[in-house]
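Q: Here is my input, please return the structure:
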Amino acid sequence: MFSIEQLQVFITTVETGSFSAAARRLNKAQSVVSQHIINLELDCDATLFDRSGRYPTLTKAGKNLLPHAQALILQHQRLKNSVSGLKQGAPSELKIALDEGIPFKKIANITHELQLEFPYITLEFLSASSLDIIDMLKDKNPLTGIIFSELTIPSYLDYECVGSIKFDLYVAKSHPLASQICKNIDTLRLHRQLIIRSRNTHSSSFQIKISPNLCYADNYFLLLELALQGNGWCLLPKHIADESVESGQLVKLPIEFKEMGWQANVDVLQHQQHSHLDVFKTLRGLLRNIF
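A: The predicted structure is shown next:
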């Protein structure tokens, strides 16, 4: 019968496109990778790769096996994470990391309830971009991330949507765009765009690059300040922009397509190693629908 290691080699070969590339990623000799694939084909009584070309390609049997292999590997990883969590037990410290664009007041309101149920847990609050929080969770920290939804979430994280926050396009009152109605998106390409990206230079999936002239920041308050100084236009959470709009320093971008902003989902992320623990379950419950 096939093994977890054989399935991992199979999946890695598909992802990397060749046996040699899979060997490099897995830090194994190419002969070992090739033998695992041969053994898997023998166990399945089917040819999984067409080897006639320069690079191996999946046969029909390989394509049929792939989703089942991926599902099994994910479940195996979840099992390992759960076992590790059982050994650790309840943490003595719980970190809550949230994107700077998410109002902290809403989070602070629930901490009293959490500490009533778990009085001996020390809470630590962190602030970072959504993508940086995802990176922080790689280290299996006892951490709950509260982020704006991303299209790609690592398979070792559990997540759920707990609400949404309104975003709109804004520009300083003094900026040339504030005195004209943009007929279409091409007008925006003529002016500098202010955009969020993580500390490792990755951009959020909903921070779409429209203009070729860009200026980056890693949080929305820096983005707001750049906009107020007339450096360009940007997408901001409405609650962050409201005070500057009310004071007349910032305006919602006048544009013929009036609803270019959108509701961004807010997700709660937890590593599989911790998500089944009572304190993490309770925190998820408290966070549901507070936005």
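
Q: residue boundaries of the helices in the stretch 51-200 of the chain?
A: Applying DSSP state H, counting those that start in this stretch to the stretch 51-200 of the chain gives helices spanning 60-88, 104-117, 130-136, 185-188.

Q: Could you dump the ones you listed into CSV with mean neighbour count added?
A: (Each C-beta comes from the backbone N, C-alpha and C, glycine too.) Below are the helices of the stretch 51-200 of the chain laid out as CSV (neighbours: other C-beta atoms under 10 Å):
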stretch, mean neighbour count
helix 60-88, 14
helix 104-117, 13
helix 130-136, 22
helix 185-188, 14
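
Q: right, and those helices - which one's nearest residue 274?
A: Distance to residue 274, taken as C-beta to C-beta, is lowest for helix 60-88 among these, at 5.9 Å.

Q: okay, the helices of the stretch 51-200 of the chain in CSV with distance to residue 266 and mean pLDDT next?
A: Listed next are the helices of the stretch 51-200 of the chain as CSV, based on distance: least, C-beta to C-beta, whole Å; pLDDT from 0 to 100:
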stretch, distance to residue 266, mean pLDDT
helix 60-88, 24, 76
helix 104-117, 9, 83
helix 130-136, 10, 91
helix 185-188, 26, 80
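
Q: Which of the ones you listed sits closest to residue 194?
A: Nearest to residue 194 among those is helix 185-188; the distance by C-beta to C-beta comes to 11.6 Å.

Q: Just to check, residue 279 is in contact with residue 120?
A: No - taking contacts as C-beta atoms under 8 Å, residue 279 lies outside contact range of residue 120: 10.3 Å.

Q: Compare neighbour counts for those two and give me the winner.
A: Ranked by neighbour count (other C-beta atoms under 10 Å), residue 279 and residue 120 place residue 279 first, with 17 against 7.

Q: gap between residue 270 and residue 118?
A: Noted for residue 270: a distance of 15 Å to residue 118, by C-beta to C-beta, to the nearest Å.

Q: do the same with residue 30
A: For residue 30, the distance to residue 118 - C-beta to C-beta - is 51 Å.

Q: The two: which is more packed in?
A: Applying other C-beta under 10 Å to residue 30 and residue 118 shows that residue 118 carries more neighbours, namely 17 against 14.

Q: how far away is the more buried one from residue 274?
A: 13 Å.

Q: cool, residue 47 as well?
A: Look at residue 47 and residue 274: by C-beta to C-beta, they are 42 Å apart.

Q: cool, residue 151 as well?
A: Taking C-beta to C-beta, one finds residue 151 at 24 Å from residue 274.

Q: In terms of neighbours, single out the busier of the two.
A: residue 274 (25 against 7).

Q: Identify the residues contacting the more buried one.
A: 85, 91, 140, 142-143, 280 (C-beta atoms under 8 Å, 6 or more residues apart in numbering).

Q: now residue 200
A: By C-beta under 8 Å, 6+ apart, residue 200 lies in contact with 131-132, 135.

Q: same check, this time on residue 122
A: For residue 122, the contact set (C-beta under 8 Å, 6+ apart) comprises 92-94.

Q: remind me which residues of the chain are low pLDDT?
A: Applying pLDDT under 70 to the chain flags residues 78, 80-90, 201-206, 256-261.

Q: In it, which strand is the longest?
A: Taking DSSP state E as the criterion, the chain has its longest strand at strand 157-172.

Q: re earlier: tell me the buried residues within the contacts of residue 122.
A: Buried by 16 or more other C-beta atoms under 10 Å: residue 94, out of the contacts of residue 122.

Q: hmm, back to that, would you turn the helices of the stretch 51-200 of the chain into TSV with distance to residue 18?
A: Supplementary listing: those in TSV, determined by distance: least, C-beta to C-beta, whole Å:
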stretch	distance to residue 18
helix 60-88	14
helix 104-117	46
helix 130-136	28
helix 185-188	40
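
Q: out of those, nearest to residue 165?
A: Checking the helices of the stretch 51-200 of the chain against residue 165 by C-beta to C-beta gives helix 104-117 as the closest, at 9.8 Å.

Q: picking up where we left off before, keep only those of the contacts of residue 122 that are in strands.
A: The strands, defined by DSSP E, take in 93-94 from the contacts of residue 122.

Q: what's the closest of the contacts of residue 122 to residue 52?
A: Set against residue 52, the nearest of the contacts of residue 122 by C-beta to C-beta is residue 94 (54.8 Å).

Q: What sits closest to that closest one if chain neighbours are left out?
A: residue 121 (5.2 Å; C-beta to C-beta, 6 or more residues apart in numbering).

Q: For that neighbour, give its distance to residue 114.
A: Noted for residue 121: a distance of 8 Å to residue 114, by C-beta to C-beta.
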